[in-house]
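S.K.: Got a predicted model here, sequence first, then my questions.
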Amino acid sequence: MKCDDFVTENIEIRGVRIHDFDESIIASGYPMQTSGMTVNDKYPTQKQMDVAKNLAKSAVGSGHDQFMTGILVSFDLTLPVQVWGELQRYNHISFVSSGSKLHALAKADLGREAFDRHVALDTIMKVRGLAEAYNANKSEENFLKLVMNCPLGFKLTARMTTNMRQLKTIFYQRKNHRLPHWRDFCNWILTLEGMKDFLGVE
């Protein structure tokens, strides 16, 4: 299923797709089945939805919410470099493809929108000057000066794929994070189909 874009002053999430939602809800009941019934392209019943909701509310790491690993979520995410390093700590969120500071910085339009709103203007001007110097003389020294002086507030976009179980973990670990980017990301998680019910959040 296709979902709406989510854009704040801190992050952008676009092109969101959710896969195998209904099938994974139905599969959540398999452990208690006595027949050999499997998913046959049908919608989950209310009873199956209730079972899934209860299992999803189990403690992180308990294993009872395993069905959530089958609900795949893909999206384009734009964040400052500072946040990317923290996101990479999660094992079950994958980069399909991403922008590259090494490849794009010298060619990028280094306008204000290329940086987090907290990056100082004089820092942006410094990076622009280093990019101009590198483009005029593509020496290794100029390249390293440009790359190493790029602020953590430079924004990159990546196509990501993960599952709802990983997003549940991220939500509980990051919902009160000091960086507003993480709080916004957690607010986006709550917009996904079923997540408010799965997390027991109003």
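M.R.: Now that the structure is in, tell me what you want to look at.
S.K.: residues of the helix or strand containing M49 that come out buried?
M.R.: Per DSSP states H and E: M49 is located in helix 46-56. Buried residues in helix 46-56, counted by 16 or more other C-beta atoms under 10 Å: 48-49, 51-53, 55-56. (Glycine included, C-beta is placed from N, CA and C.)
S.K.: Output the below-cut-off pLDDT ranges for the chain.
M.R.: Applying pLDDT under 70 to the chain flags residues 32-41.
S.K.: Please report how far L179 lies from R128.
M.R.: 25 Å (C-beta to C-beta, to the nearest Å).
S.K.: What segments of this protein are helices?
M.R.: 21-27, 46-56, 81-87, 101-104, 121-136, 140-148, 164-174, 180-189, 195-199 (DSSP state H).
S.K.: Compare those and give me the one nearest S62.
M.R.: Among these, helix 46-56 comes nearest to S62, with 9.3 Å by C-beta to C-beta.
S.K.: got the contact list for that closest one?
M.R.: By C-beta atoms under 8 Å, 6 or more residues apart in numbering, the surrounding residues in contact with helix 46-56 are 24-26, 28-29, 32, 44, 64-65, 67-68, 168, 194, 197-199.
S.K.: how about 10 Å then?
M.R.: 21-22, 24-29, 31-32, 42-45, 62-68, 71, 164-165, 168, 194-200 (C-beta atoms under 10 Å, 6 or more residues apart in numbering).
S.K.: of the residues you listed, buried ones?
M.R.: 21-22, 24-29, 44, 65, 67-68, 71, 164-165, 168, 194-195, 198-199.
S.K.: so can I have JSON lines of the buried residues of helix 46-56 showing distance to I124?
M.R.: Shown next, in JSON lines, are these (distance: C-beta to C-beta, whole Å):
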{"residue": "Q48", "distance to I124": "52"}
{"residue": "M49", "distance to I124": "49"}
{"residue": "V51", "distance to I124": "52"}
{"residue": "A52", "distance to I124": "47"}
{"residue": "K53", "distance to I124": "47"}
{"residue": "L55", "distance to I124": "48"}
{"residue": "A56", "distance to I124": "43"}
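S.K.: Could you give me the buried positions within stretch 2-16?
M.R.: 3, 6, 10-13, 16.
S.K.: again, but for stretch 109-120
M.R.: 110, 114-116, 119.
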